[in-house]
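Trainee: Requesting a structural model of the entry that follows:
(chains A and B)
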Amino acid sequence: MEKLREEIINKKNNIEKINMTDNSIINLIRKNPQFVKDKIALKNVKVDIDKIAELDNEKRRLTQEVEKLRAEQNKVNKYMDEIKSEERRERIKDMQELKKNLKEIEASLNIMEMEYEKLIYQIPNLPFDEVPIGKDESGNIVLREVGEKREFEFKPKDYMEIAEKIGLIDTESAAEVSGSRFGYLKKESVLLELSLIKFAFDILGKEGFIPVIPPVMIKEKAMRAMGYMERGGDEIYHLEKDGLYLTGTAEQSLGAMHMDGIFNEKDLPKRYAGFSTCFRREAGSYGKDTRGILRVHQFDKIEMFSFCHPEKSTEEHKFFLEMEEKLMQTLEVPYRVLNICTGDLGDPAAAKYDIEAWMPGQGTYRETHSTSNTTDFQTRRLNTRFKSNNPHIKQRMNFVHAINGTAFAIGRTLIAIIENYQQKDGTITVPDVLKEYMGMDRIK
RNA sequence: GGAGAGGUGGCUGAGUGGUUGAAAGCGCUGGUCUUGAAAACCAGUAGAGGAGAGAUCCUCUCGUGAGUUCAAAUCUCACCCUCUCCGCCA
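Mentor: Numbers count the residues shown, from 1 in each chain, chains lettered A, B, ... in the order given. Down below sits the predicted model:
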C-alpha cells in the first residue's frame, strides 16, 4: 500500500495533466466513442476507448462525491470562526469525521485518475476526414510532380561517388571516429550548407518567420508535451545523467518555447524558422540506407514552426507546403508532393504532406521535406493558448494550433543538389540561386 | 562546484492560520466626454473541471507534490524552477 502510494506520487509529478475543454478528446469519447475508435484504427493504433469511457464515468461520479463533501466542509469553515466553544467543539468533531470519509474516496479517485491519464495520453491526434486512408506508406498519394527532370547525356552517378571523389563527404573517417551513420562534411559541401541556410532564412524572413537557433537538449516534460515519448521513444537520444533528451528536430524545441504561454489573438500566426542539428537513433532502421549520409544519426536542418488560430490551421498548413515548394522550385530541383495516408501520419499529425526530391543518380524520389498540421495535439500538452479580444464570445482562452514543416534538411538537400547538378566531368554546377552565396558557380 | 535570495492573476506587486480567488497599480474591453484622437472619469476583466435548457450553482488552482489542522497563499518536508555573488569556462 505504501509502495502504491509512492508510485502515485511519482507519477503525478511526472505526468503533466492534459487540458480538457469542450472539444477535447474526452468529450468526443463521451459523445461518440465509435468515431474515436474508427479514427485511431485508421492510424493503426489500439487504445481501449471503452475502458477510458468507463473510467471517465467512475471518475466523475467519485469527483462529485468528493466535491459534495468539500462543499459541506467549506460551508462550515466559513462560520467556524464565529461560533462559541460548545458548538464549536461539536462542529470540529463532525468535520473530523467528514475528513476521514473524504480521504478514503480521494484515495480511490487518485488511482482511477492515474489509470485514466495513462490511457488517454496514448490516443494519437485524430486524422482529418480529408486524409487518404491507408495502412502504411504504400497508401500515400502523389498529388503532383513538379519541375522537369534533367536529361543526362551520360549515366548519372550516385551522390557518394561524386562527393567522395571531390572530397565533399567522408563517412569512412566518421565510421572510425563515431561509428556507422555519421559523416564529415568537408570543403564546398560546408559552403553549400552555409549558403542554403542563408538562402532559406532570406526567403522565410520575408514571410515573417523569426530566425531561431534553439537548444538541442530539452527536458522530458518538453519532449513528452511535443508528443514524442509515447510511441517512438526509442528514436530519441537520452542523456540520463542530466535528464535531458537530444532533439531529433528543431520542432521539439521550437514548439516547447511557448510552453504555458498565452498569445494575444492579434499576434497570430507566430512563425519561427529554427536552424539546429538533429539527432536520431535510427533504432528501427537497421540495414536500411546504410551508405552515405541519407540516413544518419546527426544532421542539420532548418525547420519552420507556426502557432496559429485554430480556424486558420489548414490554411497555414497549405502555406507551409507552398513555402517548401517555393524553396525547391527556386533551387530548381524536381520533386513530387505526397499526401500522407492515415497509417503513415504518426501520433501528433492530423494531416501531413511530404516532398520527395528527384535523385537521378539513384533513379528515384527520396523524402526531403515533411509538413504536419498537429492541430491542438501538442499545444494542449504544452498548454499554449491564445486570448481572444472579442468580449462577446464566452470562451476567451483557447488552444492555438501548431504547424511544422521542413525548410531544408541540409544533408538530403546536398544529396539532391549533387545528383541533379552533376556534370559529366565529375564537377558539380552550383544552382543559380546559390551562386552568389557560394561565391562560385562550379564545384570541382 | 560553493554561498545566498526568491517563485502570488496578462504584467508589476501587497498579503504569515479563518468570507483572501486574493489589495493596489499597469494592461485589456466597454461606456461618458470629444469633430476625431489623447487625457480624465465610470464600469467590467484569472484559469480549469463538473451539474443545469438557462439564469446560476458547486469544486479545484497563489511553482509542483505530500503533510500538520476543523480550516493553509500563510506552518513542516521533498522536488522543480528562476535570480544574485564566488569559482571554472568557449
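
Trainee: roughly how far apart are A:Ile26 and A:Asp344?
Mentor: In this view, A:Ile26 and A:Asp344 are 26 Å apart by Cβ to Cβ, to the nearest Å. For glycine as for every other residue, the C-beta is placed from the backbone atoms N, C-alpha and C.

Trainee: Which of the two has more residues huddled nearby?
Mentor: The neighbour comparison of A:Ile26 against A:Asp344 (other Cβ atoms under 10 Å) goes to A:Asp344, with 21 against 18.

Trainee: Pull the contacting residues for the more buried one.
Mentor: A:134, A:136-137, A:139-140, A:352 (Cβ atoms under 8 Å, 6 or more residues apart in numbering).

Trainee: 7 Å instead, please
Mentor: A:Asp344 is in contact with A:134, A:136-137, A:139-140, counting by Cβ atoms under 7 Å, 6 or more residues apart in numbering.

Trainee: Show the contacting residues for A:Lys59.
Mentor: By Cβ under 7 Å, 6+ apart, the residues touching A:Lys59 are A:109, A:112-113, A:116.

Trainee: Can you tell me, leaving aside adjacent residues, what's nearest to A:Pro360?
Mentor: Nearest residue to A:Pro360, sequence neighbours excluded (Cβ to Cβ, 6 or more residues apart in numbering): A:Pro156, at 4.2 Å.

Trainee: just checking, the one you found touches A:Gln422?
Mentor: Yes: applying Cβ atoms under 7 Å, one finds A:Pro156 in contact with A:Gln422, separated by 6.2 Å.

Trainee: out of the two, which sits in the more crowded spot?
Mentor: A:Gln422 (25 against 19).

Trainee: Tell me the pLDDT of that one.
Mentor: On the pLDDT scale, A:Gln422 is placed at 97.

Trainee: Got the phi and psi for it?
Mentor: phi -70, psi 150 (degrees, to the nearest 10).

Trainee: I figured it hits A:Ile162, correct?
Mentor: Yes: at 5.5 Å, A:Gln422 and A:Ile162 qualify as touching, with contact defined as Cβ under 7 Å.

Trainee: Next up, the contacts around the residue nearest the centre of chain A.
Mentor: The residue lying closest to the centre of chain A (Cα atoms, centre = their mean) is A:Met226, at 5.2 Å. Counting by Cβ under 7 Å, 6+ apart, A:Met226 makes contact with A:252, A:255-256, A:378.

Trainee: which one of these sits closest to A:Pro127?
Mentor: A:Gln378 (15.5 Å; Cβ to Cβ).

Trainee: Could you find the closest non-adjacent residue to the residue of the stretch 201-350 of chain A at minimum distance from RNA strand B?
Mentor: Closest residue of the stretch 201-350 of chain A to RNA strand B, Cβ to the nearest atom of the strand: A:Ile262 (5.2 Å). Leaving aside its sequence neighbours, A:Ile262 sits nearest to A:Arg385 (Cβ to Cβ, 6+ apart; 5.3 Å).

Trainee: Tell me who's in contact with that neighbour.
Mentor: Here A:Arg385 is in contact with A:262, A:397-400 (criterion: Cβ under 7 Å, 6+ apart).
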